[in-house]
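Enquirer: no sequence for this one, just the structure:
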């Protein structure tokens, strides 16, 4: 069984790897600070002038409803902390076992997918 300290380090390493991957592609990306109940997500990135808040997960057990709830709450916290009129779209990024960063899964719901396409 993994220790909480190990799991935290594993998650932080994934966040750094994803941030560096984005930056390597010329995308603005920054890790967000932990803020307890007011967490604002793990990473913020700006693609084509649009801000996205990402909740990153490096875990063997997938709990998609919980991950999705966290992403939505944390994007709202991000917007509130910056007095933004609109909450940025948020995504859950899940590390795939034995796969490179670009093969991570990106999770969103159908409504958000459609909103982004319009």
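Expert: Cool, the structure landed. In this text, all values refer to a predicted model and were calculated from it rather than measured experimentally.
Enquirer: could you look up the next helix or strand downstream of the lengthiest strand in the chain?
Expert: Using DSSP state E, we find that the single longest strand of the chain is strand 50-57. Going down the chain from strand 50-57, the next helix or strand is helix 64-81, by DSSP states H and E.
Enquirer: helix or strand right after that following helix?
Expert: Counting by DSSP H and E, what follows helix 64-81 is strand 89-94.
Enquirer: low pLDDT regions in this structure?
Expert: For the chain, the stretches flagged by pLDDT under 70 are 1-2, 35.
Enquirer: report all helices and strands that the longest helix along the chain contacts.
Expert: Longest helix in the chain by number of residues (criterion: DSSP state H): helix 4-24. Under the contact definition 3 or more C-beta pairs under 8 Å, 6 or more residues apart in numbering; DSSP states H and E, helix 4-24 sits against strand 28-31, strand 43-47, strand 50-57. Heads up, the C-betas are built off the backbone N, CA and C, glycines and all.
Enquirer: not counting sequence-adjacent ones, nearest residue to the spatially most central residue of the chain?
Expert: Centroid check for the chain by C-alpha atoms, centre = their mean gives residue 54 as the closest residue, at 1.9 Å. Excluding the flanking residues, the one nearest residue 54 by C-beta to C-beta, 6 or more residues apart in numbering is residue 43, at 4.3 Å.
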